[in-house]
Structures are given as C-alpha cells and as structure tokens.
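1. this one's sequence-less:
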DNA sequence: TCTGATTGGTTAAACGATTGAAGATATTAT
DNA sequence: ATAATATCTTCAATCGTTTAACCAATCAGA
C-alpha cells in the first residue's frame, strides 16, 4: 500500500502539503493541489486508518455489544445500527456475549454474567472505539457496571438507568394500543395471557392494558388475567384454563407471539373458530406470526428504528460531548392480520 | 489512559524494558520484571491497540461481510464466527450490505450489487483487517471481484470458485439423507416441491433426491416434481397441483420450510391428516418449523458450525500464509418431528 | 522604502507502541 | 590481568499520519 510519503515525493512536496490537500485543512494553490491529486491517483494512495486514528485519537468505530445476535430483534436492531453508522462513515465492531435467554438467569446467579459484560466492555474499549451501543434484551440493574465509563454509551431496546441515554419502545402504550384496537373491533370481554409475573415487560404491558380498558369503561376481571412464561407451552396451558371459565372471553391478547401460537393451537383443537368465536392477538411480530392459521394480528416492534436512533444518538454524543442523557421511546405498530 | 512511558518512568526503566516484560520478548531480570509489573497495575496500564497495530502491521481484526444480518442463517453464522474469533483474540468488524433477498435480483441487473460488495470490501480493507469472511447466501459468479485481493478471504455458507477457500454444507447429500429417512419410514411415493428451477440449490438437491431414490430402487416420476419459488404461496399452489394427481404421493418433501408450511396448510384444509395420510418434510429448520401443526420434520443447517470453521480457516490462513485453498463441507442434520 | 499582512509551503514534534543494534555490567576463561 | 562471553538494559529508528510553529515570498498601504 502506498504511503503519504511516496505521494509527497512523487508530487515534489512535503507530506504536510499532501495532508493539507487531502483534508482541506489549509489553503494550497490550485497548481500544487493538482500535482498532489495526480500523484495520489497515480499510486492509488489510501490514507492509513491506523496512523490517522493514533494521531487523532478517534477511530470512527463504534462497539456494538449484544447479548446474542441470534435473537431476531437483536439482528434487526444491529441491522439498523450498522446501516446508519456506515452511512455516517463509522465502522461497526460487534461483540457477542453469547447469552442465550435460557442461560441468562443462570449466569446472573453466579455473577459470571456481569463478568461477561465487563469483559466485553473492556475489550471494546481497548479496541479504542469512539462509543458503545449496548443492545440489551433484559432490564436489569447493571448500573454500576457502566457508571465509571468514560466512553459514550447508549442503550438500545431495553433501557438503562436514569443517567443513561437509551432508545426503547413503550411496553405500556403499545399494549394499550392493541386493547383499543380490539375494542374497536367490538370486543368487550378481553382476556390476557401475560408473561413472567415479575418481569418488567409484563408489568408495564398490564398497566397499559388496564388503562385502556378503564378508559373505554370496560372491566378486566381477575380471572381473565393468566400468567405464562413466554413459551409456547404456557400459551397452551393458560388458554385451556381460560376455556374452562363460565363466561368465555371473545378475544385473547397474548404478550408474545409464541404464547399466541400455543393459544391458537388449543382453540383450533377445541373447535373454536378464529376470529369468529375468539380472536387472538400477539406481541413481537416474529416470523411465525405471518404463517399461523389464520395469520396472527400482533404488535410490531420498531427494531430497525431503534437501531437507527441509537446510532444517531451515539454519533451525536461523540460530536457534541453531550452532557444530558437523552431518552427516546419509539412507538410500536399494530400488524393487522386475520386472527382478529 | 496510561501510556507505556508513564509505566517506564514509574518503574525507573525504559519503555523498551516495559515492552519486553509485557511481551516476554527478551529476558528481563526477575527484580526488574517485578517492578514493571507493579507499575503496570498501579496505573492500570493497557497497551494501546492502535499503536501496536500500526507498528506490527496486524490488527487482530477480521472483517465479516454479510449480505443481510437479518437473515436467520446469517445471524447464526455470524454468531459462530464471532465466538470463535473472540476466543482466539480477534475482533469482529461487521459490514452489512443490506441486500434483502427481494432486492437481490434487482441489484444484480443494474450492477449496483457488485458495486456494493466492492465498496464493502474496500471499506474493510481500509480498516486494515487481517482477513475477511464473506457470508454469502447466494451462489453467483463474483470471481473477479475477489481475484485481485491480497487480504485472506474465506467464503462461508455459499461457496466461491475453485480458487477460494470456503465452508459450506452439502445440498446434495442432505437432500439425499432426507429421502433415505422418508424411505426408512416406509414411503415409496415421494413428491418434491423444489425451489426456483434454475437455482443452484434446487439443482443440487434434486440430484441428491434422484440419487437416493435410485439407490433404493424407487422411481421419481416427472409429475411428482413441482417447482416453486421458495415462498409460502408457491408451496400452496404446488401442493394443490399434487393433490390433483390420480395417484397421490404418501410424502411431500419441500425444499424449504416456508413452502412446506404452505403445503401443510393446503393438506389440512383438504382434510388430509399429517402424517397419516401424507407426510411432509422441509428444509432449513427455521423457527416456524417447530410451531407448525404438527411440528415439521426438516433439515437443520449447520450454520453455527459453518461460522466456527470459517473463523478457524481465516485464522489459519493468517498465521500460516496458506497457499492451497481449503474446502470444507459440513453435514446437515435431520430434525425429526411429528410431520413424518 | 519600509512595515505589516497575506499566501503557500515546510519542519519537526507528536501519537504509543516494537525491536535491532549497541552499551553496560557481571561472569568466566585464559 | 585481560579477553571473551553472557546477561541485562537502553538508544533510537520506525510504523503513517496530523498540525502548531515557522519561514519565504508577494502584496498593500503610508
């Protein structure tokens, strides 16, 4: 690879001049500029990024820390991040923690989870990234891990603490939206298959649901709220319970598509027609939702948008030494299909 | 961040000595070593990667070029790559071409597709990566793009040309395996819903299917081979055609899970029981396969393994200046579920 | 004609490491 | 006692840029 020195010699000038021509950092006569440019293209000169970064203290590289790239929302967020970054001339260095959801709780207990995040962070930092985007799927209290960081950091998807900049979606509002949508379709007896009882998304979504019901002057009886564990099987089990009730709901809102799928399987096997007898709605818009019979009405997460915004924020923080943490909440959309 | 000079001063030695202590590149007395190490931990010294890379001409960074990270196999391959790389002390710099499958042909026509790849490659090269892994979902003739590259390159998933190193799976053998599996379950009249007629995977898989049938002394009549276009709808259309035949098959092998899903939907709506009346098999093991009714027997791609091996190969090429291209074909596995 | 500003370019010191060659000291051989 | 050797440590160049400080030449104004 040709170096700047070679260009300089060929053009009969100093490296300083070449640098100024390339970066426009100083006025150089048209004639000299021409000569330098000529030389540049003659030897196909490309500036050495390493040298430049070393000197400037900026690598134009953003570290993206993900818990597991195999998660569909994760890939989609990373897609948004990476596209936005590369548009702005930044490179993406990806570090995968390889924490499948299943392993997560386990790790948490033995503290290896925190260790893993910490290692990831310092690895990225020692790669001299200009900033870090942490794509977190879970809301946990990892505050202190990030407290002493000097590298700009933004959370994507899940949010951090008060002091952090993050981009997320609203569990509460989107759940409320779905309820309103169901109500607009004429439903008044709406049952809910919630996620893990003590999880943050479950609590928030439930809040939104109750809010929307109340605003419409409808009631959500306790027996219409069933807790699952986000898995397919729990959708099956909870739906069976719902069908035992004396007064059946006319719609079931499951807090994710997997449980909705389980729910639909049970309804079908019980001879309930969807949506005529009972309508079903999900949350997440995973691929599976489109291929269920009938296709599932669900809530689409703004994953790509989250990525895009997170990238824009980190760039902004880098350029403007921003002090105040920014928080952004991106609305979800309802994906209308035949199940409602 | 503390620099090496500070450590040197604190320990009362030269930077050269510090460097030697850290890298073990020269024998340093136990006493001095101790003093240096002390100083290192005292100021929490971490070597500056940029300076090191600039001097050594190695960044310990691998560029991963993907067509679209949102593809499920892609994410899984990247997962394998990234885990393996980071285990070996390499960083992953990800560049996403953002070529959704739909856009692919379009891009091809206007030549922007090649342009995009080229840009990606030079971007990675100017980031001084030590090697590049190209995760290609399509087999196309892009030879000349990669010909003049001096950076080590390996193809993952799809293969390149004769001259390239690649890691892939066998379309032919895995399709043959599935046929043998179906035969072992007692099926003799097996129909096939193939992919795009002129695509490489379609041709290869068909080859394997015919081979396996022949070996078992069975015939595959022309009317049992239907061509789709990989999409759900084509699974529906082609299955309808199959059901019109005077002698129906007892098993249908669709060349991907989406078409298999379409197929199952039609069978169910026609009152055919799966697998009692007609068994169904797919290819890809997408998430959807596990949640169909009944769950779909399919072929699982060794995506993570492909990533792992690709990473090992690129590292090997970097360390050993390998000359001969290596080719690796990883076997697929049959995921047994209730649809057969 | 002299002073001061403007223009166009160069010099050389960083940035933070690595490393061959050389220097200093201690040890051993003659 | 001197030379030769071994052991530890340092010097200084190098990787490829950027940039403050400097210099030389031209030009404008009094």
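-> Arrived safely, thanks for sending. All of these numbers come straight from a predicted model, not from anything done at the bench.
2. What residues does the residue of the stretch 201-340 of chain A found nearest DNA strand C make contact with?
-> DNA strand C sits closest to residue A:318 of the stretch 201-340 of chain A, with a gap of 18.0 Å, by Cβ to the nearest atom of the strand. C-beta: built from backbone N, CA, C; applies to glycine. Shown in contact with residue A:318 (Cβ atoms under 8 Å, 6 or more residues apart in numbering or on different chains): A:130, A:131, A:152.
3. which among those residues gets closest to DNA strand C?
-> For the contacts of residue A:318, the residue nearest DNA strand C by Cβ to the nearest atom of the strand is residue A:130; the value is 14.9 Å.
4. The residue lying closest to the closest one once chain neighbours are set aside is in what secondary structure piece?
-> Ranked by Cβ to Cβ, 6 or more residues apart in numbering or on different chains and with sequence neighbours excluded, the top spatial neighbour of residue A:130 is residue A:318, at 5.2 Å. Using DSSP states H and E, the secondary-structure element containing residue A:318 is helix A:303-320.
5. Next: residue A:62.
-> For residue A:62, the host element (DSSP H and E) is strand A:61-66.
6. immediately after that strand, which helix or strand?
-> Next in sequence after strand A:61-66, counting helices and strands by DSSP H and E, comes helix A:72-87.
7. what comes up buried for that following helix?
-> Within helix A:72-87, the residues that qualify as buried are A:72-86, counting by 16 or more other Cβ atoms under 10 Å in any protein chain shown.
8. what helices or strands is it leaning on?
-> Based on contacts counted as 3 or more Cβ pairs under 8 Å, 6 or more residues apart in numbering or on different chains; DSSP states H and E, the elements that helix A:72-87 packs against are strand A:61-66, strand A:91-96, strand A:131-136, strand A:153-157, helix A:303-320, helix B:72-87, strand B:91-96.
9. Ok, which of these comes nearest DNA strand D?
-> Closest to DNA strand D of the helices and strands packed on helix A:72-87 is helix A:303-320 (Cβ to the nearest atom of the strand; 14.8 Å).
10. pLDDT averaged over that closest one - what is it?
-> Averaging pLDDT along helix A:303-320 yields 96.
11. same thing with stretch A:22-35?
-> Throughout stretch A:22-35, pLDDT has a mean value of 95.
12. cool, and stretch A:175-194?
-> Model confidence over stretch A:175-194, given as mean pLDDT, is 98.
13. Would you mark the buried spots in it?
-> Neighbour-count burial for stretch A:175-194, counted by 16+ other Cβ under 10 Å, picks out A:175-183, A:187, A:189-194.
14. In helices only, show me these.
-> A:175, A:176, A:177, A:178, A:179, A:180, A:181, A:182, A:183 (DSSP state H).
15. of the buried residues of stretch A:175-194, closest to DNA strand D?
-> For the buried residues of stretch A:175-194, the minimum distance to DNA strand D (Cβ to the nearest atom of the strand) is 49.1 Å, reached by residue A:177.
16. Reformat the contacts of residue A:318 as JSON lines; add pLDDT.
-> Rendered in JSON lines, the data for those read as follows (pLDDT from 0 to 100):
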{"residue": "A:130", "pLDDT": "97"}
{"residue": "A:131", "pLDDT": "97"}
{"residue": "A:152", "pLDDT": "94"}
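17. Same list, those residues, but as TSV with distance to residue B:255 please.
-> Putting the contacts of residue A:318 into TSV (distance: Cβ to Cβ, whole Å) gives the following:
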residue	distance to residue B:255
A:130	45
A:131	44
A:152	47
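18. of all the ones in helices among the buried residues of stretch A:175-194, which comes closest to residue B:2?
-> Within those, proximity to residue B:2 (Cβ to Cβ) peaks at residue A:175, which comes in at 49.3 Å.
19. now the strands for the stretch 201-340 of chain A?
-> Assigned by DSSP state E, counting those that start in this stretch, the strands in the stretch 201-340 of chain A fall at A:225-227, A:251-254, A:279-281, A:298-300, A:327-330, A:333-335.
20. Out of those strands, which is closest to residue B:39?
-> Comparing those against residue B:39 with Cβ to Cβ, the closest turns out to be strand A:327-330 (42.1 Å).
21. Quick check: can you name the pairing partners of the closest one and their directions?
-> Applying DSSP bridges to the sheet, strand A:327-330 is found paired with strand A:165-169 (parallel).
22. got the residues of chain A near DNA strand C?
-> For chain A, the residues found near DNA strand C under the criterion Cβ under 7 Å from any atom of the strand are A:13-17, A:20, A:26-29, A:31-33, A:51, A:54-55, A:57.
23. try 10 Å this time
-> Where proximity means Cβ under 10 Å from any atom of the strand, the interface of chain A facing DNA strand C comprises A:8, A:11-21, A:25-36, A:50-57, A:126, A:128.
24. Among the ones in helices among the buried residues of stretch A:175-194, pick out the one closest to residue B:273, please.
-> residue A:182 (33.7 Å).
25. just checking, that closest one touches residue A:275?
-> No. Taking Cβ atoms under 8 Å as the definition, residue A:182 is not a contact partner of residue A:275, at 10.2 Å.
26. so what sits against both of the two?
-> In the contact map built from Cβ under 8 Å, 6+ apart, the residues linked to both residue A:182 and residue A:275 are A:251, A:340.
27. and residue A:6, what is it in contact with?
-> Contacts of residue A:6 by Cβ under 8 Å, 6+ apart are A:43, A:45.
28. Okay, it and chain B: tell me how far apart.
-> With distances defined as Cβ to the nearest Cβ, to the nearest Å, the gap from residue A:6 to chain B amounts to 17 Å.
29. Name the helix or strand for that residue, please.
-> If you go by DSSP H and E, residue A:6 is part of helix A:4-11.
30. which parts of that helix are buried?
-> Along helix A:4-11, these residues count as buried under the neighbour rule (16+ other Cβ under 10 Å): A:4, A:6, A:7, A:8, A:10, A:11.
31. Next, the angle from the helix or strand following it to helix A:4-11.
-> Sequence-wise, the next helix or strand beyond helix A:4-11 is helix A:15-23, with elements assigned using DSSP H and E. Interaxial angle of helix A:15-23 relative to helix A:4-11 (axes from the mean of the first three to the mean of the last three Cα atoms, to 10 degrees): 100 degrees.
32. who does the helix or strand just after helix A:15-23 touch, helix- and strand-wise?
-> On the C-terminal side of helix A:15-23, the nearest following helix or strand under DSSP H and E is helix A:30-42. Under the contact criterion of 3+ Cβ pairs under 8 Å, 6+ apart, helix A:30-42 touches helix A:4-11, helix A:15-23.
33. buried ones in helix A:30-42?
-> Using 16+ other Cβ under 10 Å as the test for burial, helix A:30-42 gives A:32, A:33, A:35, A:36, A:37, A:39, A:40.
34. can I get the residues you listed in a markdown table with distance to DNA strand D?
-> A markdown table is the format used below for these (distance: Cβ to the nearest atom of the strand, whole Å):
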| residue | distance to DNA strand D |
| --- | --- |
| A:32 | 14 |
| A:33 | 14 |
| A:35 | 17 |
| A:36 | 12 |
| A:37 | 14 |
| A:39 | 12 |
| A:40 | 10 |
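35. Dump those to a markdown table, plus distance to residue A:113.
-> Supplementary listing: the buried residues of helix A:30-42 in a markdown table, determined by distance: Cβ to Cβ, whole Å:
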| residue | distance to residue A:113 |
| --- | --- |
| A:32 | 58 |
| A:33 | 56 |
| A:35 | 59 |
| A:36 | 53 |
| A:37 | 53 |
| A:39 | 54 |
| A:40 | 50 |
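36. would you turn the contacts of residue A:318 into CSV with neighbour count and distance to DNA strand D?
-> As requested, those are exported to CSV (neighbours: other Cβ atoms under 10 Å in any protein chain shown; distance: Cβ to the nearest atom of the strand, whole Å):
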residue, neighbour count, distance to DNA strand D
A:130, 21, 15
A:131, 22, 19
A:152, 21, 20
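37. Got the phi and psi for the closest residue to residue A:72 other than its chain neighbours?
-> Counting by Cβ to Cβ, 6+ apart, residue A:286 is the residue found nearest to residue A:72 once chain neighbours are left out, at 6.1 Å. Phi and psi for residue A:286, reported as degrees, to the nearest 10, are phi -70, psi 170.
38. Good, wrapping up.
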